[in-house]
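Below is the sequence, then the predicted model.
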Amino acid sequence: MIFEIDNIELYFAEKQILNGVYLKTETGKITGILGANGCGKSSLLNIFFGSLQPRHKLIRINKKPYLKPLFKYGIVTYLPQQNFIPPKMNLKSAFQLFKINLKEFLYDFPEFKAGKNNRMRELSGGQRRLIEIYICLNSNAKLILLDEPFSHLSPLYVEKIKKLLQKLKKEKAIIITDHMYRHILESSDEIYLLKNGSTQLIKEEKALEDYQYLRAGTI
Ligand SMILES: Nc1ncnc2c1ncn2[C@@H]1O[C@H](COP(=O)(O)OP(=O)(O)OP(=O)(O)O)[C@@H](O)[C@H]1O
C-alpha cells in the first residue's frame, strides 16, 4: 500500500506551521522524519492520523483520495508523544483492550512477567513507553505513526524495538520521528527533513548538515 500526504497547510491562529508539505511512505518501508524542535513533526503525524484538521490537506492511499480522518478507516495506529494507556489500567488489561498477545510480549520481555498485574502508573516512564510502542507496532494497522519512540528507552530496549521494526515493516508502512537521529538514520529506508514548513527528501546524510539540521562535521 502507498500512503501519501500532500499539500498540507497548517496554521495555529495566524502563524503558519506547515506550508505545502508532501510525504510518501509504503508497505515495506520505514520513513523517518527529522527536524528541529517545534518545526511541526507531531502536527504532521496528527494530521495524517486525522486528529488535527489543517487548513488544507490531501491524503491518498494507492493514489485514491481518503477524505475522512484516516483513523476512521481503521488502517492507522498512532503513538503520540504522551502516554495513551490510562494510568489505572493494568498491563494485562491493556493487552486485552488492544487485542495484543501478552504471551508473545512476555516471551520477548520476560522481565515483565512478575508485574503483569501492575497498573501502568506503577511502571517506570520507559517501561510504560516500551509497552505502548509494542502495542502500536503489533496492532492490525497497515500504517503506523511513531512520535519519539526511542527517547525514553534504554539502549537494549532501543535495539529490540529497532529489530521489531525491521521485522514488522514487511507487512506495514511505518513513519517514525525522533531526536535520536542516529537511530532514525539507521532504521529508515527514506528520510524527510521538515524545515521552514515543508519537507525535503534527503538523499545523502551529508545534506542534513547543509540544511543545518546537524552541525557541520557531524556526519
Ligand atoms: N495546539 C496548538 N496551538 C498553538 N500552537 C501549537 C499547538 N500545537 C503545536 N503548536 C505549535 O506548532 C509548532 C509545531 O509544533 P509540533 O509539536 O508539531 O512540533 P515538533 O516538530 O513535533 O516539536 P518537538 O520536536 O519539540 O516535539 C510549534 O511552534 C508549537 O508551538
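Yep, that arrived. Everything numeric in this text was worked out from a predicted model, so none of it was measured. Residues are numbered from 1 along each chain as shown.

In stretch 40-52, which residues are buried?
Within stretch 40-52, the residues that count as buried by 16 or more other C-beta atoms under 10 Å are Gly40, Lys41, Ser42, Ser43, Leu44, Leu45, Asn46, Ile47, Phe48, Phe49, Gly50. All C-beta spots, glycine's among them, are computed from the backbone N, C-alpha and C.

any idea how far the ligand is from the residue nearest to the second one when sequence neighbours are not counted?
Think Lys41. Excluding its sequence neighbours, the residue lying closest to Lys41 (C-beta to C-beta, 6 or more residues apart in numbering) is Thr177, at 4.5 Å. According to C-beta to the nearest ligand atom, to the nearest Å, Thr177 and the ligand sit 7 Å apart.

and what of Leu193?
As judged by C-beta to the nearest ligand atom, Leu193 and the ligand stand 11 Å apart.

quick one on the thing from earlier: for the residue nearest to Lys41, list the residues it contacts.
Residues near Thr177 by C-beta atoms under 8 Å, 6 or more residues apart in numbering: Gly32, Ile33, Leu34, Gly35, Lys41, Ser42, Leu45, Leu146, Asp147, Glu148, Ile184.

try it again with 7 Å
Gly32, Ile33, Lys41, Leu45, Asp147, Glu148 (C-beta atoms under 7 Å, 6 or more residues apart in numbering).

And the buried residues of stretch 40-52, which is closest to Pro155?
Nearest to Pro155 among the buried residues of stretch 40-52 is Lys41, at 23.2 Å by C-beta to C-beta.

Test my guess that the closest one contacts Leu194.
Yes. Lys41 lies in contact with Leu194 (C-beta atoms under 7 Å); the separation is 5.7 Å.

tell me the SS of Lys24?
When classified by DSSP: H, G, I helix; E, B strand; the rest coil, Lys24 comes out as strand.

Tell me how many other residues crowd the nearest residue to Ser139 once chain neighbours are set aside.
Closest residue to Ser139 apart from its sequence neighbours, by C-beta to C-beta, 6+ apart: Thr77 at 4.4 Å. Using other C-beta atoms under 10 Å, Thr77 has 22 other residues around it.

Brilliant, that's me finished.
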